[in-house]
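**Student:** heads up, no residue letters with this:
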């Protein structure tokens, strides 16, 4: 376990954040239009809630931040914010999920788990996250499947 001298912050890519902001505003405009059309059809009530939920979801997605420091691993801005001290981590696993076989790291700690999905970060950022986790955590915590997928990723 080595020290991390600088705090690293990882966010959703800038172009995707801007696109989500624009789409969020568009969903709010569509919700406003649906509210103005409620008198013509009751279906617009449901559309209003759907558009508001989508606008909020897109705005919330842009606020995701993964912060890796020497003291803790912190995920801010999601449904459930996580603050994980390095000493409480019991196991780290990696899996390929979905049709495109995207990688997901699962960090188990104190009867909870934190999933770090590859689809949220750029490949270079994700590789840096992997390096920081491997630098900070002891090798016994990583599962054999993690080691297997990590070597497969290193060959690519």
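**Tutor:** Ah, there it is. Since we're looking at a predicted model, the values are computed, not measured. Numbering: from 1, shown residues only.
**Student:** Count the residues that sit near residue 121.
**Tutor:** 19 (other Cβ atoms under 10 Å). Quick note: C-beta positions are derived from backbone N, CA and C, even for glycine.
**Student:** pLDDT at it, what is it?
**Tutor:** Among the per-residue scores, residue 121 holds a pLDDT of 88.
**Student:** ok, and the closest non-adjacent residue to residue 125?
**Tutor:** residue 10 (5.1 Å; Cβ to Cβ, 6 or more residues apart in numbering).
**Student:** what is the rounded mean pLDDT of the helix or strand containing the one you found?
**Tutor:** Counting by DSSP states H and E, the element that carries residue 10 is strand 8-11. Averaged across strand 8-11, pLDDT comes to 93.
**Student:** With stretch 82-97 instead?
**Tutor:** On average, the pLDDT along stretch 82-97 is 93.
**Student:** what's in contact with it?
**Tutor:** Identification of contacts with stretch 82-97 by Cβ atoms under 8 Å, 6 or more residues apart in numbering yields 1, 71-75, 102-110, 112, 114, 133, 136-137, 141-143, 145-146, 149-150.
**Student:** swap in stretch 128-139?
**Tutor:** 1-2, 4, 8, 10, 66, 68, 70, 73, 86, 89, 92, 105, 107, 116, 121, 142, 150, 153.
**Student:** Which members of these are positioned in strands?
**Tutor:** Per DSSP state E, strands hold the following members of those: 8, 10, 66, 68, 73, 89, 92, 105, 107, 116.
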